[in-house]
Each structure stands twice: as C-alpha cells, then as structure tokens.
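have a look at this fold, sequence not included:
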Ligand SMILES: O=C(O)[C@@H](CO)OP(=O)(O)O
Ligand SMILES: [Mg+2]
C-alpha cells in the first residue's frame, strides 16, 4: 500500500527561544515526504508528558539528541511498515513502546514529532488538506484568533504578574477581518506605549512587555488601544486573560504572591474576588488558569461564581489529559479545557481530550506553546477540531504569524463554506 511508512528520522533544530527541539521527517512508500516540529512550554503543569532533554553540557543541558535517537532507532524500527493513515494504531504503538505514564522513556517530544509528521504525510499522500484529513468534510470553522497582546509572568521580565492578556475579535464577520482587528489594535497599543515612554519590546509570545504600575494598568492600556484603533470594547473585541497562576503560587494550591504588581500575598478567595471586580469593570470573556493547578477548591468556586458569564479554561490543571479532564468534569472545576498537543504527546490523545470536552458540553481552547517553531500543524488542527477559537501569540513574531497566515489560507480555500463565530 502506498501510505505505508518507509522512513522516519529526526533532527535537532531550534525553537523560537533559541532552545533545541525536534523536527521529525516521515517518508511513505509512494514517495510522499512530510515533517513536523515540536513546540515547548515555559509555564508548565506538573503532570505534563515529559519533554526529554539530554542533561549534558551542550545547550546548557537542553539538547534533545536522546529524543532524536529514540525516533531514529526504537520508534522508527517499530513504525516502519505501518500504515500512516492508521493514526490511532501508530500513536498507541508509541504509547505502548514507551510504557510509562508520562512518556518519560522515549520522550513526549520524540513521540509527538512522529505523531504529527505521520498525520501530515498521510494527508499529503491522500491529497487532502490536513484540516480536512483530521476533521472531515465539516471542518469549515475558522477559529477566532485570541491574540496575545501583553505579556507578563514567566513569559516576560516586566512588572506584570498575569502571563497573558489576549484580544478576542468575536465581533468580526470573518477570520481575516478578526485578524485585522487584532493586528490594528496591536499597532495602536504600540503607539500608546511609545507616547508614554513605556517599553515596546515583546515577551516570548510577541505581546508587549511594558512595566505597568499594576495588572489593572495593563488591562486599561489594552482597552485604550482597542478604542484608539477604532473598535468598541466588548462589542468588536473583548479580552481573555491567562493568569498562569502556578507561576505566582508558592505551593501550587492556595499561597499566592503577586510580587511584581506589589499586591503581595493573596488567598485563593482574594484572587476570585479580584476577578469579580475585573469582570464588572472590563469586557473579559475568557479566563484561563485563574488559580493554581492544585487549587481545586478555588477553581470550583471560581467556576460556580463566573462560569455562567465567561469561559473558564483549565490549562495546567488538566494538561490535555483525559484522566484529569474527566475528574474536572465530574467536579465542575471549569467549563473549558486548553488543548496543547505536547502536553499529552500524541495527536490521537489530543483528539480524545477534545472529544471528552465536547461530550460534556465543555468548550476547548486550542493553544500553541511559548516556545514555538514555524510549523503550522496547529492551525489545521484547530480547524479540524472545530473548537471555534485558538491562541497562538501576537502579530509580530514569525513563528506565531505562520499559524495565522495558514488560517487565512484555509479561510480563502474554503470560500463561502468557511464559518466564523464565537459561540
Ligand atoms: O500557559 C500557556 O497557556 C502557554 C501558552 O500560551 O504558555 P507555555 O507554553 O509557557 O506553557
Ligand atoms: Mg496557560
């Protein structure tokens, strides 16, 4: 059969932070070639699948030659001869081959690279765009681009504790227009920052990283930017926040310390109340990781209080793992889950996580990592998963723009059939 895997090998390449990652190449018997590159996070959940690093001198211990070797030997030996269109069989063969709970033997980075490259090769061989191969003929919804416009926390060295402030162009008629709304606002915010003599340098995901007097000051700047660009906050564009609360919680449970903004120590209840004040004042429609990953009590309370009004997304708490999502659904810890392919390590398991959310009536939010490459797999995957929104950084970094540009291409290709809506 033509879609039989004939060759698999990996290379060590660099990601957007200048750290090593893997690119995996797959070749099929019919001569089809495809490759995929693996992203990497900075603010990670404790239960994420393991990213295998070399711990040697080169690249300060961050090399991935062990993972490359695992692809070139163990994984290649097992998968060559298998049918690339049998994604589930391929992914579960690797899971079995690894045999650990968190993919620590072969490395989730090694496994994911192969998983994505196999999907790309199969789609190419069948002459289907990747989004259609993975999502079927109904994969026509282009996700609302939640563009990260201001960075803090572990993604920037400024005085903002909350990691991400995103613009959500839900009032736009199409993806292309939505992208224009957010890119124009990005530039208008730049103008405001310049005028105030605030830094216009950017964080890891390309959002601005100025020193702000407080977290509130950051959000006020964004609202000013929206208005200056000629849009109505709450109508054309709203705001999404990712606290990434793990990064300012000393015990991952209930001991918060907002160092940079000077707010200092806060309890879980105080964070929840602060969010309530913000929700009264600002057009926020989505809040990710408002609390740390072990703060189940806080998450539950937050969702009970605000879950009717906004999308409450769990990232570090669920790590794209059905084991934790299932528990979260049972306990009503959130009403949405972030989906990051490398948190779990295979395409199949990411699809299973999406399916579990859908079955429970939850939303799911497709996401890049703060360390990325120019790979556009995520754009196609987001359309295939039909979740309606994705986050993949700002308007000024190539590795993020590659995904947005791919979505423009998909919208163009779908023409009249393309859909764009928030709900
Ligand atoms: O916290 C997050 O949601 C992500 C992506 O924005 O960051 P990182 O990849 O560093 O975990
Ligand atoms: Mg997050």
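Nice, thanks for sending it over. Not measured: the values here are computed from a predicted model. Numbering: from 1, shown residues only. Ligands and ions are numbered 1, 2, ... in the order given.

neighbours of residue 256, how many?
Neighbour count for residue 256, taken as other C-beta atoms under 10 Å: 24. C-beta: built from backbone N, CA, C; applies to glycine.

beta-bridge partners for it, please?
Using DSSP bridges, the beta-bridge partners of residue 256 come out as residue 249, residue 266.

tell me who's in contact with it.
245, 248-250, 265-268, 270-271, 292 (C-beta atoms under 8 Å, 6 or more residues apart in numbering).

got it, and residue 265?
Going by C-beta under 8 Å, 6+ apart, the list of residues near residue 265 reads 255-257.

in TSV, list those along with pLDDT and distance to residue 164.
Shown next, in TSV, are the contacts of residue 265 (pLDDT from 0 to 100; distance: C-beta to C-beta, whole Å):
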residue	pLDDT	distance to residue 164
255	91	22
256	93	17
257	91	19
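
tell me the one among those residues nearest to ligand 1.
Nearest to ligand 1 among those, counting by C-beta to the nearest ligand atom, is residue 256 at 16.5 Å.

measure the closest one to residue 266 for me?
4 Å (C-beta to C-beta, to the nearest Å).

cool, and residue 30?
Taking C-beta to C-beta, one finds residue 30 at 59 Å from residue 266.

ok, those two, which is more surrounded?
Set residue 30 next to residue 266 and count neighbours by other C-beta under 10 Å: residue 266 wins out with 19 against 14.

just give me the neighbour total for residue 214.
Residue 214: 16 neighbours (other C-beta under 10 Å).

contacts only, for it.
Taking C-beta under 8 Å, 6+ apart as the definition, contacts of residue 214 comprise 261-263.

same check on residue 418?
With C-beta under 8 Å, 6+ apart, residue 418 has these contacts: 140-142, 174-175, 410-411.

just want the residue of this structure that's nearest ligand 2.
Nearest residue of the chain to ligand 2: residue 315, at 3.6 Å (C-beta to the ion).

circling back: dump the contacts of residue 214 to CSV, plus distance to residue 94, pLDDT and neighbour count.
Below are the contacts of residue 214 laid out as CSV (distance: C-beta to C-beta, whole Å; pLDDT from 0 to 100; neighbours: other C-beta atoms under 10 Å):
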residue, distance to residue 94, pLDDT, neighbour count
261, 43, 71, 19
262, 47, 71, 11
263, 45, 78, 18
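
looking at it, residue 191 is touching residue 228, isn't it?
Yes. With contact defined as C-beta atoms under 8 Å, residue 191 reaches residue 228; the gap is 7.1 Å.

just the helices in the stretch 201-350 of the chain please.
215-228, 268-281, 296-306, 322-330, 341-344, 347-359 (DSSP state H, counting those that start in this stretch).

return the list of helices and strands in contact with the first one.
Using 3 or more C-beta pairs under 8 Å, 6 or more residues apart in numbering; DSSP states H and E as the contact criterion, the neighbours of helix 215-228 among helices and strands are strand 147-151, strand 164-168, helix 175-195, strand 238-242.

what's the most buried one of those?
strand 147-151 (a mean of 30; mean count of other C-beta atoms under 10 Å).

can you tell me how far residue 354 sits from ligand 1?
16 Å (C-beta to the nearest ligand atom, to the nearest Å).

so that residue sits against residue 364, correct?
Yes. Contact status for residue 354 versus residue 364: in contact at 5.3 Å, counting by C-beta under 8 Å.
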